[in-house]
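> My questions concern the predicted model and sequence given below.
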Amino acid sequence: MNRLVKIRSQESLCRERAALDFDRRVFWLAQAEEWEQRALDEIAYHFRECNIGQTELARN
């Protein structure tokens, strides 16, 4: 989950830059969206891994 914290931190940084850099606001918001999607992918991966582990434990 440390990876998720780092990803969310990058997303937040991009959103802060978007608020401060009006000329490149669209760019920074697009970057934030990419980081947000990476965070969602990371969460989905984590849950898949947890479910696989639980399924294997249930079989034994």
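Okay, I see it. Numbers count the residues shown, from 1 in each chain.

> From Leu20, how far off is Gly49?
Slight slip there: residue 49 is Glu, not Gly. Distance of Glu49 to Leu20, computed by CB to CB, to the nearest Å: 37 Å. All C-beta atoms are positioned from the backbone trio N, CA, C, and that covers glycine.

> Point to the residue nearest the middle of this protein.
The chain has Ala39 as the residue nearest its centroid, 1.3 Å off, counting by CA atoms, centre = their mean.

> Buried residues in the lengthiest helix in the chain, which are they?
In the chain, with assignment by DSSP state H, the single longest helix is helix 25-59. Neighbour counts over helix 25-59 (16 or more other CB atoms under 10 Å) mark 28, 31-32, 35-36, 38-39, 42 as buried.

> Turn those into JSON lines, including distance to Met1 and pLDDT.
Below are the buried residues of helix 25-59 laid out as JSON lines (distance: CB to CB, whole Å; pLDDT from 0 to 100):
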{"residue": "Trp28", "distance to Met1": "25", "pLDDT": "98"}
{"residue": "Gln31", "distance to Met1": "22", "pLDDT": "98"}
{"residue": "Ala32", "distance to Met1": "20", "pLDDT": "98"}
{"residue": "Trp35", "distance to Met1": "16", "pLDDT": "98"}
{"residue": "Glu36", "distance to Met1": "16", "pLDDT": "98"}
{"residue": "Arg38", "distance to Met1": "14", "pLDDT": "98"}
{"residue": "Ala39", "distance to Met1": "11", "pLDDT": "98"}
{"residue": "Glu42", "distance to Met1": "9", "pLDDT": "95"}
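
> Farthest pair within those?
Taking CB to CB, the two most distant members of the buried residues of helix 25-59 are Trp28 and Glu42; they sit 20.8 Å apart.

> quick one: the residue nearest to the centre of the chain and Arg8 touch, right?
Yes. Counting by CB atoms under 8 Å, Arg8 is a contact partner of Ala39 at 5.5 Å.
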